[in-house]
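Q: Fold the following and give me the result.
(chains A, B and C, ligands or ions: 4)
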Amino acid sequence: MSNTKALTPVLECKNVNISYYTRAGEIPAVIDFNLTLMPGESIGIVGESGCGKSTVALAIMNYMGKNGRVKSGQILFNGRDLQQMNDEELRRIRGSQISMVYQEPMASLNPSMKIGEQLIEVPLYHENVSEAEASQRAKEMLAAVRLPDPQRIMDAYPHQISGGQQQRVVIAMALLSKPALLLLDEPTTALDVTVEAGIVQLIKDISKQFGTSMIYISHNLGLILETCDRITVMYSGEAVESGSVQTVFNEMRHPYTRGLFASIPLPGTNKHSRPLVPIRGQLPLPQHRPQGCYFGPRCDFFQEGRCANKAGVHMQPVPNEDRHDVRCVRFEDIDWASHRPVGLSGEQADIGKVVLEVNHMKKYYSLKDASLMALIKGKKVQYVKANEDINLIAHEAETVAIVGESGCGKSTFAKVLMGLEEATAGEVKLNNVDISKLPVEQRKAQMVSLLQMVFQNPFDTLNPSHTVGSQIARVIKKFGIEQDPEKINQRVMELLDLVKLPRDFAKRRPRQLSGGQKQRIGIARAFAGRPSLVVADEPVSALDVSVQAAVTGLLTDIQRNLKTTLLFISHDLSVVRYVSDRIVVMYLGRIMEQGTTDEIFNPPYHPYTEALLSAIPIADTSVKKRHIVLEGELPSPVNPPSGCPFQTRCPRKIGAICEAQMPPLQQTDTGHAILCHIPLSELSKVEQVIQMDAA
Amino acid sequence: MIVLAGKRLLAMLLIMLVVSFILFSLFESDKMAVAGKVLGAYSSLEQRELWLTQNGYDAPFLERYLQWVGGALHGDFGNSLQYKVPVSELLADRLKNTGILTLVFFLIMIPLSLTLGVLAGMKEGSWLDRVISVVAVLTTSIPEFVTATFLTGVFVYSWHLLPGTSSMTGGFSWKELILPVMVLVIYDFGYVTRMTRASMAEVMTSQYIRTAVLKGLPYKRVIMRHALRNALIAPFTVIVLQLNWLLSGLVVVEVFFAYKGFGYLLVDAALFGDIYVIEACVLVAVFVAVFSQFISDIGYTLLNPRIRFS
Amino acid sequence: MSSSVKLEDEKAPVKREAGLKLFFKRLALIRESPVGMVGAALILFWVVMAVLAPVLPLYDPNAIMAPFQKIGAAAPDGGTFWLGTDHKGRDILSRIIWGAQKVLIWATFATFVAYVVGMLMGVLAGYKGGWADEIVSFIANIFLSFPFIILCIIIVATLGASGWTVVVAVTFASAPQIMRIVRGLVLDLKTRDYIFAAQTRGETPWYIMLVELLPNARGPLIVDACLRLGYTVVAIATLGFLGLGLPPPDPDWGLMLKEAVPLGAFAGHTMYLPAAALASLILGFNLLADGLREISLRD
Ligand SMILES: Nc1ncnc2c1ncn2[C@@H]1O[C@H](COP(=O)(O)OP(=O)(O)O)[C@@H](O)[C@H]1O
Ligand code: SF4
Ligand code: SF4
Ligand SMILES: [Mg+2]
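A: Residues are numbered from 1 along each chain as shown, chains lettered A, B, ... in the order given. Ligands and ions are numbered 1, 2, ... in the order given. Alright, predicted model coming up:
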């Protein structure tokens, strides 16, 4: 990379401004964007949703839709301006020299065409090849992206293969004509962690094997670290910092970049001693950007005169560093050493009495359709074993995390707890009362109020037809906490204070709130009845990265102060590591391992936990990680494998016994439990998956 | 797939059974009223009772219903009170006429509305799209007999180009078919055009079309191979279901132009109180409607690989 | 949360908006859709006419005066037949305006009844699912398998022609369609987390259906109601045209057409005028629905 001057860049963006034109007027989506990509290089673009990442990618493709336009600036591909090309020239470049991989693999493939036909189109229309040859090339490429049985995939329709396989197909399609530039727009966001790990591995190998230049777009800093040489950080339409991955991760100069790193749970953070530092406020909408530095209102170093200047803030090179630029007028005089931001932290609350006890709980869904027809025919019933033999205990003031990939039965477990589903067998005791067979309609208001939930999707959690205040008030009235309207109102105000929102929010409707604010209202609603147990189902996974820390902090803070038990459901082990006291790892409806957070993150590991840990992308250059990539697909819970549920993908499988017998639950004195045929002593003999560099 | 077809077929039979039962109870549960209709308002009680006994009306209701269904299955609906001929003969002739009208209508309407819909949806917001959309709303907003009024005024009364009635007394005549078909097409093409347009427009903004364009395929290939197939699934269902709507329109148009079709027969019978003809006509109409629903369901499944293989 | 965030400074609406108020807000938005504007204007015109019918200086719509008078002809009593007279010598202007009143009243009433029935069926089927859904859907399918006009004909043939028969016919024909729409909306809405939230605090199914679900379905329903009003007007007029509608001699647009068409050759206006009235009113409903839909897709 030292002789960059000798080569022409594959791609060069020069002062690019892109706008969308809507009824509300012009929306500047990307402002003054610069980027230089050398052959063989890979650049990561990182930023929160709405900051303009995809717009950049589509502008490179010159595919801006009806209402988008590159307003000014140049986008040069191998020195030629893409904006100046006519349709036919563009067509020849698209798909052959520049190709793209999308976030939603299912939506990106034509549902009514066989995959084979969709693949062979690429060589057929770009090169002069026969159909047989194109088909041969497609098959080879499918094998190259490590899809088993390429012929079967060629003959399948997109919906007949899994999400991970679909994404491999899209990648194969993008590579078929050996492009010089590959754009990847959040290629793994829609996938499960272990599947993501496989795709990321594949992308890394591709860039080595084919020498393709890449632009990798993601909101996840950890993924950029794993895949890219250079990084551009975007905020609200602008690039705010760019440089080599090593420099930006270790010596970032922009307050936003720094804030981002401080607000994501890295292995070094801890909710008691080294808490996350949230970035205050929220992303401005493009129409509401402040004057001068767009990050100004959220920046700790904001200075009225300098930062809010009319001329705007421009990218400046950091002196004496190679290709490191920052968009901050004060980057040279901020004294980071003496800057000690305070996060939300608190003493560990005393873990108290047992609040929740689950014994041998099972939940089967019968797959019979409840129709008259089926009833008449008396069809044989099939079961989805969504939860199988669940045992766990949660104490007062404790945070217990449940982790696992989609379909592992986390939500089902939550539904049984909440009384939306009845357990098929076993006990669920809340404060010593068995509620496993007690649907919510039969529970007393007082018991219902003891057990509340925070939901995943901020856009769904509040009813759009009612005001925020009336929705909280309804809970208070329903649970019989207060009856007098005056007092109810008083209590609503207190709850708004509790979640740190202004009191006049009570009169607002959900659509006037941002995602993070809605989630706060969801938290207020859950805590309105002074519950003893709160179930939080992925409470922050749909929020912007810079807002996640604030909401996580708020949730754990309230929980600690009120000594509430928190069941934290998540697929994200880094968040889980940060918030929880104990962790339960589930796979296909079963608990594979449970123990304290330390126990889970240190050997002995269950082989599945080991793979999950290795799949977490970690945005820390000093962390070393062992790479374990799981083969195969998640089996269906309708047809779980015989013996050990993990047997079909387990890298440490010891042989026939894993296929034949359900493994024993091996338990230590401290309660650390692992479901595996390999003895604990053997399982202990591995290195830590995530190692912090001592240096 | 076969299971699905079987299920649908069963549901269809069930519906036909319930409909026929409702019809029968509606028109024939009151025996005296039936006799009154058959023998006329001035018949005496004795006459009516005699008639009832002679015609097997003394049997219990359910038995009569079963006999009636049995007869209907063999095409025996009794005799028309108004025309004194077997209903089946009357109906067969009228259905043939309606069939001709429907066929000509579909032959014109389908290609017209699909082409317009695809053209409009391909470039959403273009002037062509706007013109097509506006025309489509205008024409679907005007009920058949109003369109028929205007067309008659222009083509019959003012320009004297076409005949104002289509009773085909002098044998089959294409000229008499023009106005009825025109009215039906004008009323119905708008709806299908709008559906096709919406479906095409949605497909054009879908991510897989973006993929196809960014793969560097020629525009023609993107439209013909990637977009059309997916965009035409919804209109297909609509066109088949259109039969149900069309039946309503046929009734009106046939009455307006005195076209000797089945809709005209039905209204005629309703005004006269010719219960056996009403029963037969309604059964046929419902059968056509239910059967088109069946075809549309099966067709949708066949066209949609996501449902076909699951 | 710092106070620097833009969103928090916005003035929040203080009062709760009821469904009707929202409807009027939507109507106000129609200003942004020219198509919707035209539709609203057409409807407004006819509504004003219908409301003012008793106070306008009109001839008795059933009074028999001079037949086949031309537009603007002088009346025997010294007045003017602004739109002429029909074959029986009745004032066409008066008949059209009184006809508008009648068709609007019955159409609104019939649509309203159909909506109440259809919505209850739809919410029940969609939210409860299982058996309730099967039964309600089956009943709906039975009525949906009748072509609209044919269902009306059967009902009129059994009940006799009257305004109430029209209401019954429209209810049987429309309610199942409304039920399908509502059911679809509910099936989508009931998977939302706020419904789970309501369930987990032990709300009764009726509370959830009526307070949590239905208000969120109103957007598409308002559009549909508008279209459906148009259909109902068509249905009433069609029945009139077939001779199965509201009984004479009171003015009915459909019947006026039926009587005028055979005589159209020498008295075109007796046929064109009611046709134009009918077309404009129905066009109004369709255009307004289009405008409303366009607006709801925007936000
Ligand atoms: N109502 C249901 N009927 C049938 N299967 C269900 C139902 N709810 C969940 N499942 C199945 O149970 C399994 C576990 O699902 P879930 O609890 O949603 O897991 P997670 O929350 O981890 O995604 C999945 O295979 C899912 O398809
Ligand atoms: S320019 Fe000012 S407000 Fe913007 S990041 Fe730098 S210090 Fe903060
Ligand atoms: S029991 Fe066997 S297959 Fe299962 S986790 Fe242990 S080693 Fe792997
Ligand atoms: Mg889930």
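
Q: is the helix or strand residue C:293 falls within anywhere near chain B?
A: In the assignment (DSSP states H and E), residue C:293 maps to helix C:268-298. Yes: using CB under 8 Å from any CB of the partner chain, helix C:268-298 comes into contact with chain B via C:268, C:271-272, C:275, C:278-279, C:282-283, C:285-287, C:290. For glycine as for every other residue, the C-beta is placed from the backbone atoms N, C-alpha and C.

Q: Any regions of the stretch 201-350 of chain A where pLDDT drops low?
A: Scanning the stretch 201-350 of chain A for pLDDT under 70 picks out the ranges A:342-347.

Q: Buried residues, the helix holding residue C:293. List them.
A: Neighbour-count burial for helix C:268-298 flags C:269-279, C:281-295 (criterion: 16 or more other CB atoms under 10 Å in any protein chain shown).

Q: Can you redo the residues of helix C:268-298 next to chain B as a markdown table, where the extra columns are distance to chain A and pLDDT?
A: As requested, the residues of helix C:268-298 next to chain B are arranged in a markdown table below (distance: CB to the nearest CB, whole Å; pLDDT from 0 to 100):
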| residue | distance to chain A | pLDDT |
| --- | --- | --- |
| C:268 | 45 | 79 |
| C:271 | 44 | 87 |
| C:272 | 40 | 90 |
| C:275 | 38 | 91 |
| C:278 | 35 | 93 |
| C:279 | 31 | 93 |
| C:282 | 29 | 94 |
| C:283 | 26 | 93 |
| C:285 | 25 | 94 |
| C:286 | 23 | 92 |
| C:287 | 20 | 91 |
| C:290 | 17 | 87 |
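
Q: the bottom helix or strand of chain A by mean pLDDT?
A: Lowest on mean pLDDT, DSSP states H and E among the helices and strands of chain A sits helix A:372-377, with a mean of 51.

Q: which secondary structure elements does the next helix or strand after that one contact?
A: Per DSSP H and E, the first helix or strand lying C-terminal to helix A:372-377 is strand A:383-395. Identification of packing neighbours for strand A:383-395 by 3 or more CB pairs under 8 Å, 6 or more residues apart in numbering or on different chains; DSSP states H and E yields strand A:354-366, helix A:410-418, strand A:565-570, strand A:590-596.

Q: List just the one of these that sits closest to chain C.
A: Closest to chain C of these, according to CB to the nearest CB: helix A:410-418, at 4.6 Å.

Q: strand partners of the next helix or strand after that closest one, parallel vs antiparallel please.
A: Following helix A:410-418 in sequence order, the next helix or strand is strand A:425-430 (DSSP H and E). Its sheet considered, strand A:425-430 pairs with strand A:354-366 (antiparallel), strand A:433-434 (antiparallel) by DSSP bridges.

Q: Is the next helix or strand after the last one positioned near chain C?
A: Translated: strand A:433-434. Going down the chain from strand A:433-434, the next helix or strand is helix A:445-450, by DSSP H and E. Yes: residues of helix A:445-450 contacting chain C under CB under 8 Å from any CB: A:445, A:448-449.

Q: Look up how far ligand 2 lies from residue A:626.
A: Applying CB to the nearest ligand atom, to the nearest Å, one obtains 37 Å for the distance of residue A:626 from ligand 2.

Q: which residues does the residue in the stretch 51-200 of chain B that chain A sits nearest to contact?
A: Nearest to chain A in the stretch 51-200 of chain B, going by CB to the nearest CB, is residue B:125, at a distance of 6.7 Å. For residue B:125, the contacting residues are residue A:66, by CB atoms under 8 Å, 6 or more residues apart in numbering or on different chains.

Q: could you say which helix or strand contains it?
A: Per DSSP H and E, there is no helix or strand for residue B:125.

Q: again, but for residue A:69
A: Remark: residue A:69 resides in strand A:68-77, with elements defined by DSSP H and E.

Q: Check the offset of that strand from the chain's centre.
A: 31 Å (CA atoms, centre = their mean, to the nearest Å).

Q: With residue A:416 as the reference, measure out to the residue nearest to residue A:414 when sequence neighbours are not counted.
A: Nearest residue to residue A:414, sequence neighbours excluded (CB to CB, 6 or more residues apart in numbering or on different chains): residue A:535, at 5.0 Å. With distances taken as CB to CB, to the nearest Å, residue A:535 is found 11 Å from residue A:416.

Q: Likewise for residue A:72?
A: Applying CB to CB to residue A:72 and residue A:416 gives a distance of 58 Å.

Q: Which residue of the two possesses the greater neighbour count?
A: Using other CB atoms under 10 Å in any protein chain shown, the more surrounded residue of residue A:72 and residue A:416 is residue A:416, with 25 against 13.

Q: Taking chain B, what residue is nearest to chain A?
A: For chain B, CB to the nearest CB, closest residue to chain A: residue B:216, 3.3 Å.

Q: Now do the residue nearest to that residue when sequence neighbours are not counted against residue B:175, distance only.
A: Once flanking residues are discounted, residue B:216 sits nearest to residue A:95: 3.3 Å by CB to CB, 6+ apart. Relative to residue B:175, residue A:95 is positioned 55 Å away (CB to CB).

Q: Neighbour count: the two, which is higher?
A: Shown here are residue A:95 and residue B:175; by other CB under 10 Å, residue A:95 has more neighbours (27 against 10).

Q: Could you double-check that residue C:242 lies in contact with residue B:268?
A: No: using CB atoms under 8 Å, residue C:242 makes no contact with residue B:268, being 10.1 Å away.

Q: between these two, who's got more neighbours?
A: residue C:242 (25 against 20).

Q: Now do the contacts for that one.
A: Contact analysis of residue C:242 by CB under 8 Å, 6+ apart lists B:251-252, B:255, B:267, C:149, C:153, C:254, C:258.

Q: same check, this time on residue B:130
A: Contact analysis of residue B:130 by CB under 8 Å, 6+ apart lists nothing.

Q: Dihedrals phi and psi, it?
A: Backbone torsions of residue B:130, given as degrees, to the nearest 10, read phi -60, psi -50.

Q: Same question for residue A:21.
A: Per degrees, to the nearest 10, the backbone of residue A:21 is at phi -110, psi 110.

Q: Start from the N-terminal end of the stretch 1-150 of chain A and give the helices.
A: A:53-60, A:87-93, A:105-108, A:115-126, A:131-144, A:150-155 (DSSP state H, counting those that start in this stretch).

Q: among the contacts of residue C:242, who's most crowded?
A: residue B:251 (30 neighbours).

Q: helices or strands next to the host helix or strand of that residue in the packing?
A: In this assignment (DSSP H and E), residue B:251 forms part of helix B:233-256. The helices and strands touching helix B:233-256, judged by 3+ CB pairs under 8 Å, 6+ apart, are helix B:87-122, helix B:144-151, helix B:174-204, helix B:262-272, helix B:275-303, helix C:148-159, helix C:218-242.
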